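1. need a 3D model of the following:
(chains A, B, C, D, E, F, G, H, I, J, K, L, M and N)
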14 protein chains.
Amino acid sequence: MDIIAYIAVASIMTAGFTICIGSIGPALGEGKAVAAALTALAQQPDAAATITRTLFVGLAMVESTAIYCFVVSMILVFANPFWNYVIAQTAGQ
Amino acid sequence: MDIIAYIAVASIMTAGFTICIGSIGPALGEGKAVAAALTALAQQPDAAATITRTLFVGLAMVESTAIYCFVVSMILVFANPFWNYVIAQTAGQ
Amino acid sequence: MDIIAYIAVASIMTAGFTICIGSIGPALGEGKAVAAALTALAQQPDAAATITRTLFVGLAMVESTAIYCFVVSMILVFANPFWNYVIAQTAGQ
Amino acid sequence: MDIIAYIAVASIMTAGFTICIGSIGPALGEGKAVAAALTALAQQPDAAATITRTLFVGLAMVESTAIYCFVVSMILVFANPFWNYVIAQTAGQ
Amino acid sequence: MDIIAYIAVASIMTAGFTICIGSIGPALGEGKAVAAALTALAQQPDAAATITRTLFVGLAMVESTAIYCFVVSMILVFANPFWNYVIAQTAGQ
Amino acid sequence: MDIIAYIAVASIMTAGFTICIGSIGPALGEGKAVAAALTALAQQPDAAATITRTLFVGLAMVESTAIYCFVVSMILVFANPFWNYVIAQTAGQ
Amino acid sequence: MDIIAYIAVASIMTAGFTICIGSIGPALGEGKAVAAALTALAQQPDAAATITRTLFVGLAMVESTAIYCFVVSMILVFANPFWNYVIAQTAGQ
Amino acid sequence: MDIIAYIAVASIMTAGFTICIGSIGPALGEGKAVAAALTALAQQPDAAATITRTLFVGLAMVESTAIYCFVVSMILVFANPFWNYVIAQTAGQ
Amino acid sequence: MDIIAYIAVASIMTAGFTICIGSIGPALGEGKAVAAALTALAQQPDAAATITRTLFVGLAMVESTAIYCFVVSMILVFANPFWNYVIAQTAGQ
Amino acid sequence: MDIIAYIAVASIMTAGFTICIGSIGPALGEGKAVAAALTALAQQPDAAATITRTLFVGLAMVESTAIYCFVVSMILVFANPFWNYVIAQTAGQ
Amino acid sequence: MDIIAYIAVASIMTAGFTICIGSIGPALGEGKAVAAALTALAQQPDAAATITRTLFVGLAMVESTAIYCFVVSMILVFANPFWNYVIAQTAGQ
Amino acid sequence: MDIIAYIAVASIMTAGFTICIGSIGPALGEGKAVAAALTALAQQPDAAATITRTLFVGLAMVESTAIYCFVVSMILVFANPFWNYVIAQTAGQ
Amino acid sequence: MDIIAYIAVASIMTAGFTICIGSIGPALGEGKAVAAALTALAQQPDAAATITRTLFVGLAMVESTAIYCFVVSMILVFANPFWNYVIAQTAGQ
Amino acid sequence: MDIIAYIAVASIMTAGFTICIGSIGPALGEGKAVAAALTALAQQPDAAATITRTLFVGLAMVESTAIYCFVVSMILVFANPFWNYVIAQTAGQ
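-> Below you'll find the predicted structure:
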């Protein structure tokens, strides 16, 4: 088995585990934030505008860490510089 | 065993583990958000419209991390660029 | 042992672990949501309609992550593209 | 040791671990839901009908994830397509 | 060591681990449900009939996941189709 | 080392781990149930009969999962069908 | 190293781990039950007889799971059927 | 390395791990019971006799699981039947 | 397989695991902070300006640890000094 | 490497791990008991004598499990029967 | 594979894991501190200046442990004395 | 590599892990006890003498388990009987 | 691969893991202390001077354990006596 | 690779892991103690002298376990008797 197989296997496994492990934290964090927002809404319905706006900003911050993981996962699958290098080397042989 | 087997095994296992591990966080996070929404509804039935709308936006955000995992899992099974490359190489031999 | 055995073993094990690990999160999340719904019903019986409707929507969202796992598990057992490819290759030899 | 042994061992182990790991989440989730139902009954005995009905729907949803695991486990033991294929291949030799 | 030993060892170990791991969730879930029932009885002795009936239905649901594990465990020990196949093959040689 | 040793070692280890891991859940669950019963007794001494009866039914349900593990453990040590088969085969040689 | 060593090592290690892992659950469960009993006694000293009797029945149930582990551990050390078989075989050679 | 070394190493390691792992549960359980006893004493100093007696019975029950572990540990070090057998075999050669 | 494959595989796997493990802490920490901000807003709507400003500063601090991980991950993929060195060495041969 | 090295290494490692793992439970349990004693003292200074006496009895019980571990650890280092046996065998050769 | 590959792989993997594991603690700690600050602000808006100042000092202390990890990670990637030594040795050959 | 290296490596690693793992429990237990003492002091400043004395006795008991670990660690480094034996054997050759 | 590579790899990996694992405890401990300080400030603004001074002393104590880890990490990278020894030996050859 | 490398690698890795794992417990314990001290100060500012003195004594006790780890770590790096022995042996050859 040559170098292509090693890099392909490593890229496939890393791409999958990056996004699945990386989704645990954001999902739990967003769930907590949404739960707090709903509790806050029930407690102070008059502040709905402020609560909703703060919630969305917070969700965007938390989601950003999931986005990082998704970006790295996509880079590893579709724009992997190591894979491109060895493919170019193989093709150039 | 040649390179095809390695990549196939890696894709199969990664596809499965990506979606199963990636479903733990969103499921728990959504469960927490729904539980908070129900508690909030019981406490402030008059704010049902606001609570429900905020809940749906929050659930969509949390579900998005599960969607990322499902997308990566489906890409690995049905549109795997590494598998396509080695299949093309094998067919071209 | 040839490539068929590797892919078959990987598919069997991944199919099983995908659905069993993938059922932990949804089961706990749904249990939490149902528990909150029951507590809410006891606290505010008059809002039963709203609570039940919100519960069902929430359960559907949580169940969706379990469905993803079940779908991937079934795909790996009954519609596995990697298995189909190597079977076709073997049959064509 | 030939391919039959590999697939048989993988099917046996996966069938067992699928149902045993897959029963942890539903059992805990149902226990939580039943506990909440009992607490709700003690708090609001008049809403027993609504609480019981909601509990049964919720338990059915949670049990569904255990059913998925049991189905996959039974498929692996009694209707395993990979086993059927290699048995057919072996018999046909 | 031939194929019989592999399948026997896998069946023995899987049968044991299936029931022991599969008993953790139901035992904890039932313990929680019983504890909630006792607390509910102490709080509302007049609703004893409803509480007890709901408890028994809930315990039956939780116990069902332990039953699944026990059934799979017994199938692996006493009605293992893979073992029967290889025994038949060995006897037929 | 022949097949007898493999099956003996697997049976010994599985028998032990089945009962020791299988005793964790029931012990904790029963401890929780007993603790709740004692708290309930202290809170509502008049309902002692109902509480005690419910406790015993609940303990029997929880203990049943420990009994399953003990039964499987004993079967593996004293009535192991795989061991009996290979002993019969060895004696018949 | 012959079959005697394998079985002896497996019996020694399993005997030890069975009782040590099997003592975690009962010890914690009994500690919880005793703690609840003491709290209950402080809260309702008049119900001391009922509380103590219920505690002892509960402790006996919890201790039973530890007894199962101890019995299996002792069987593996002093009445191991697999060890007896191979010793008899060795002596008979 | 002969069979004596294997059994000696297994006995040494199992003896140590049996008592160290087996002391975690009892120590935590007793700590919890003692803490509850002290809280109960502070709350109801008049019931000191009943509390202390119940505490000692409970501690004895919890300590019994630690005693089981210590007994097995000592048996493995000073009265190991497997070690005695192989020593007798070696001496008799 | 030469040195290029080793470094490529190590870089791919480390890049993925760095960002996915590194996103757990920040996501949970930000979720907690946002939840606290929403609770605080519901409790003291008049202090919305101070709360929001403090929240944003805090989120920036927490996000900084995720940024560190993302930076290291990107360096390993696109500006890896070890990869550049061995590529230069290989090209110079 | 001969049998002496195996037994020496096993004794050294087991002696260390026995006391270090065995100190976790007692230390936490005693910490909990002392904390409860201090809280009880602050709440009921008049019962200081009873509380202190009960605390010391309880600490002695908890410490006993740590003592078991220390005894086994010292036996393995300074009075190891397996080590003594092989040393005597070696000296007698 | 020569010494350069070993050191490069070790440096890459350690640099990544250092910053990703090292970001868990600070992120959680800062999240907790920010959450407490927001709760404190809601409770005592008049002490905003003191609370904010104390928060910033505390965040700086917590962030310092993340900075340590980032510094070590950067040293391993860009100023690794072991890598420089072996590169100098290789160049000097 | 001879027996000296094995015993030296085992002694070094065991000495370190004994004290580091053995310091987790006492540190947490003492932290809990000190925290309870401070809370008690704030609640009942008049009982400072009794609280402080009880705290010191308790800390001494908890610290004793850390001392055991430190003693074993020092014995393994500076008074290791196994090391002394093999050194004497080597010197005597 | 010679001794230089082993020591370099061990030093690199240990330096990284020392500081990243060693930062978890201090970061969480400081986060807890800062959170308590902020809560205390909100509750008793008049005692700000005492609270702040005590907080800084406490943070310094907690930070000291992180400093120990950083010092050991730096010693392993820049002043490693084992590395210096083998470099001197290599240079002197 | 000779004995020097084994002992150097073991000493480096043990020194690092000893201090990093050994800092988790003390850091958390001290954080808890400091948090309790701050809460106590806010509740009872008049007892600041007693609280601060007790806190310092407690911190010193907790810090002592971290000191043990640091001492063992430094002994392993700078005064390792096993390393000194083998260096002396090597120099004397």
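
2. show me the shaky parts of chain A.
-> Within chain A, the segments meeting pLDDT under 70 span A:1, A:92-93.

3. residues in contact with the residue of it found nearest chain I?
-> In chain A, the residue that lies nearest chain I is residue A:29 (2.6 Å; CB to the nearest CB). Every residue, glycine included, has its C-beta placed from N, CA and C. Contact analysis of residue A:29 by CB atoms under 8 Å, 6 or more residues apart in numbering or on different chains lists A:62, B:29, I:27, I:28, I:29, I:30, I:31, I:32, I:34.

4. now the two most distant members of those.
-> B:29 and I:29 (15.1 Å; CB to CB).

5. okay, the residue of chain A found nearest chain N and chain L: tell me how far apart.
-> Using CB to the nearest CB, the single residue of chain A nearest to chain N is residue A:25, 20.7 Å away. Residue A:25 sits 25 Å away from chain L, going by CB to the nearest CB, to the nearest Å.

6. dump the residue contacts of that residue.
-> Residue A:25 sits next to A:65, A:66, B:25, I:23, I:24, I:25, I:26, I:27, I:28 when contact means CB under 8 Å, 6+ apart.

7. ok, 7 Å please
-> With contact taken as CB atoms under 7 Å, 6 or more residues apart in numbering or on different chains, residue A:25 is in contact with A:65, I:23, I:24, I:27, I:28.

8. can the longest helix belonging to chain A be said to contact chain B?
-> Longest helix in chain A, counting residues (DSSP state H): helix A:48-78. Yes: Helix A:48-78 lies within reach of chain B by CB under 7 Å from any CB of the partner chain, at A:48, A:52, A:59, A:63, A:66, A:70, A:73, A:77, A:78.

9. tally of neighbours for residue A:78?
-> Other residues lying near residue A:78 total 11 when counted by other CB atoms under 10 Å in any protein chain shown.

10. for it, what are its contacts?
-> residue B:81.

11. in chain A, what residue comes closest to chain M?
-> For chain A, the residue closest to chain M is residue A:25, as judged by CB to the nearest CB, at 15.4 Å.

12. the residue lying closest to that residue once chain neighbours are set aside and chain E, how far apart?
-> Nearest residue to residue A:25, sequence neighbours excluded (CB to CB, 6 or more residues apart in numbering or on different chains): residue I:27, at 3.3 Å. Going from residue I:27 to chain E by CB to the nearest CB gives 27 Å.

13. host element of residue I:27?
-> helix I:24-43 (DSSP states H and E).

14. buried residues of that helix, list them for me.
-> By neighbour count on 16 or more other CB atoms under 10 Å in any protein chain shown, the buried set for helix I:24-43 is I:24-43.

15. what's the burial count for residue A:80?
-> Close neighbours of residue A:80, defined as other CB under 10 Å, add up to 25.

16. that one - nearest residue in space that isn't next to it in sequence?
-> Nearest one to residue A:80, counting by CB to CB, 6+ apart, is residue A:11 at 5.5 Å.

17. list the contacts of the one you found.
-> Applying CB under 7 Å, 6+ apart, the residues near residue A:11 are A:76, A:77, A:80, A:83, B:82, I:12.

18. can you redo these as CSV with distance to residue J:90?
-> Converted to CSV, those look like this (distance: CB to CB, whole Å):
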residue, distance to residue J:90
A:76, 57
A:77, 61
A:80, 59
A:83, 59
B:82, 58
I:12, 52
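
19. just the buried ones from those residues, in PyMOL syntax?
-> Burial among the contacts of residue A:11 is assessed by 16+ other CB under 10 Å; the matching PyMOL selection reads:
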select buried, (chain A and resi 76+77+80+83) or (chain B and resi 82) or (chain I and resi 12)
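
20. circling back: between helix B:48-78 and the helix holding residue I:27, find me the angle.
-> Counting by axes from the mean of the first three to the mean of the last three CA atoms, to 10 degrees, helix I:24-43 lies at 170 degrees to helix B:48-78.

21. first to last residue in stretch A:77-84, what's the distance?
-> The straight-line separation of the ends of stretch A:77-84 (CA to CA, to the nearest Å) is 11 Å.

22. and which of the residues of helix A:48-78 next to chain B is nearest residue K:7?
-> Nearest to residue K:7 among the residues of helix A:48-78 next to chain B: residue A:73, at 28.3 Å, using CB to CB.
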